[in-house]
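Q: I would like the atomic coordinates for the input below:
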Amino acid sequence: MTNALAYWAALDCRPIAVVEDKGLEKILQIALSDPMYELPCRKTVTKRVQQLYDSEKGEKENLLKKAECVAITGDHWTSVSNANYLGVTAHFIDNKWCLHSFALTIKKITTRHFAENVAEDFESVTEAWEITQKVTTIRTDSALVLTALRHLTRTMKASDDDPAYVVKFKAAFEKDLSQREDALNYRFLQVATALDPRFKDLKCLPRGERGEVWTSIEALVQQQPGRATPERTEEPARKRSLLLYNSDSDSEDEDGPKGALARYKAEPTISERDCPLQWWSTHERAHPQLSVLARKYLGSPATSVPCERLFSLAGNIVQKKRAALSSENVNRLVCLSNWLKERK
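A: Predicted coordinates:
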């Protein structure tokens, strides 16, 4: 029962002092049919929460050790006690094509938000988790997904039918959007879109830019270090001939980058409601070279929304009555609650 109480307090962001609640003790006495039951003391529950934190952190460390590529998101948050925190989350796709997303830290920051200071803060977090060499991208609150960006660009064009206030709003929105566009890593977004079987036809891009994306992917395949890749399953002769017939070139090397791209491009696109990771889990052996890239690019989140969720969670913990919590306890409680929710 003590372990269950510690789990409940950590999962639902309850203060440890709840174990001093006589009403809770009465409820448990009725539930356990034991009128003599007494709640554990705060020290005991705190110790169990710490043990739970250590156990969960060990599991996350093991997951990160097995990951080949890790994307992280980060953002800053100010608590009710006016303390500044940096929240960092990790995202990656494991060898079973399951997407993992969880908190790494919510760290108290005392320096100004200059680029050099922020870079050092991120580096200290990746070094603590031993993933510095695995980090592929760092997302902040300025990131946008490519398909959404193109849609917004078209939608926010002012028309003759728009009232004056709508025209003014769209002009301001377009200005802000253009500033965000300048900060985007377009090529990364384009490659990620092409490796998503839902959008690999690249209809969100002008025709003239689509060839450049596939050229970039071909170069990325060529740059892959020599490594053992999963064997490609032998496809039925009829399907194989159709794929080759639909390819852009009949003379390209079947096992080289051009052949890999031709086979992938010949695959039909899937519905937007289908899961791209499920598609790759069943087609990994058919496209071993591109699956390595897909695991890297599709594992990177489009925005820093995971950090915003982390701050919402932190706000449930660092309240006015708990504003005196130490930064170490804030980190433990926020991360532990996030990990337990992620497990569910």
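
Q: residue contacts, V330?
A: By C-beta atoms under 8 Å, 6 or more residues apart in numbering, the contact set of V330 is 79, 85, 106, 108, 314, 317-318. Any C-beta I mention is one placed from the backbone N, CA and C, and that applies to glycine too.

Q: what does C307 give?
A: C307 is in contact with 73-75, 87-89, 141, counting by C-beta under 8 Å, 6+ apart.

Q: quick check, nearest of those to I131?
A: Nearest to I131 among the contacts of C307 is V88, at 10.6 Å by C-beta to C-beta.

Q: and after the helix or strand of the chain with the lowest mean pLDDT, which helix or strand comes next?
A: When each helix and strand of the chain is scored by mean pLDDT, DSSP states H and E, helix 237-245 comes last, with a mean of 52. Where DSSP states H and E defines the elements, the next helix or strand beyond helix 237-245 is helix 257-266.

Q: Same question for that following helix: list its buried residues.
A: Residues 257-264 are the ones in helix 257-266 that count as buried (16 or more other C-beta atoms under 10 Å).

Q: quick one: average confidence on it?
A: Averaged across helix 257-266, the pLDDT comes to 88.

Q: next one: stretch 170-181
A: 77.

Q: re the thing from before, mind giving me the ChimeraX select for the contacts of V330, buried ones only?
A: Buried members of the contacts of V330, defined by 16+ other C-beta under 10 Å, are picked up in ChimeraX with:
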select :79,85,106,314,317,318
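
Q: The contacts of V330 into TSV, with extra columns for secondary structure?
A: Listed next are the contacts of V330 as TSV, based on DSSP: H, G, I helix; E, B strand; the rest coil:
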residue	secondary structure
S79	coil
Y85	strand
I106	strand
K108	strand
A314	helix
I317	helix
V318	coil
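
Q: which regions of the stretch 1-150 of the chain sit below the pLDDT cut-off?
A: 113, 141-150 (pLDDT under 70).

Q: show me where it has strands.
A: Here the stretch 1-150 of the chain has its strands, by DSSP state E, counting those that start in this stretch, at 70-78, 84-93, 99-109, 135-139.

Q: Okay, now the sheet partners of the first one, with direction.
A: Read it as strand 70-78. When sheet partners are counted by DSSP bridges, strand 70-78 sits next to strand 84-93 (antiparallel), strand 135-139 (parallel).

Q: Adding distance to R309, write these out as TSV.
A: Below are the strands paired with strand 70-78 laid out as TSV (distance: least, C-beta to C-beta, whole Å):
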stretch	distance to R309
strand 84-93	9
strand 135-139	13
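
Q: Please name whichever of those strands is nearest to A324.
A: strand 84-93 (15.2 Å).

Q: Report the inter-axis angle for the closest one versus strand 99-109.
A: Calculated by axes from the mean of the first three to the mean of the last three C-alpha atoms, to 10 degrees, strand 84-93 forms an angle of 160 degrees with strand 99-109.

Q: can you start the count at 54 instead of 1 from here on
A: In the new count, where the first residue is 54, that last one comes out as strand 137-146.

Q: what comes up buried for strand 137-146?
A: Residues 138-146 are the ones in strand 137-146 that count as buried (16+ other C-beta under 10 Å).

Q: ok now it, how far from the chain's centre?
A: 9 Å (C-alpha atoms, centre = their mean, to the nearest Å).

Q: where exactly do the helices run in the protein?
A: For the chain, the helices defined by DSSP state H cover 55-64, 75-84, 95-119, 168-181, 199-208, 217-235, 239-247, 260-276, 290-298, 310-319, 329-336, 341-350, 358-370, 380-396.

Q: picking that back up, so which pair among the buried residues of strand 137-146 is furthest apart in space?
A: Those two in these that are separated most widely, counting by C-beta to C-beta, are Y138 and I146, at 27.6 Å.

Q: which of the residues in stretch 162-177 are buried?
A: 162, 171, 174-175.

Q: Distance from that stretch to the middle of the chain?
A: With C-alpha atoms, centre = their mean, you get 21 Å for stretch 162-177.

Q: From I125, how far off is F145?
A: 10 Å (C-beta to C-beta, to the nearest Å).

Q: Oops, could you answer that again for P359 instead?
A: From P359 across to I125, the span is 10 Å (C-beta to C-beta).

Q: okay, the two: which has more neighbours?
A: Between P359 and I125, counting by other C-beta atoms under 10 Å, I125 is the more crowded of the two (26 against 22).

Q: Does the more buried one touch F175 like I think?
A: Yes: counting by C-beta atoms under 8 Å, I125 does reach F175; the two are 7.3 Å apart.

Q: on that earlier part again, can I get the buried residues of strand 137-146 in a markdown table with distance to L378?
A: Supplementary listing: the buried residues of strand 137-146 in a markdown table, determined by distance: C-beta to C-beta, whole Å:
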| residue | distance to L378 |
| --- | --- |
| Y138 | 12 |
| L139 | 17 |
| G140 | 16 |
| V141 | 19 |
| T142 | 21 |
| A143 | 24 |
| H144 | 27 |
| F145 | 30 |
| I146 | 34 |
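
Q: closest to D213 among the residues you listed?
A: For those, the nearest to D213 is H144 (43.6 Å; C-beta to C-beta).

Q: Alright, that wraps it up for me.
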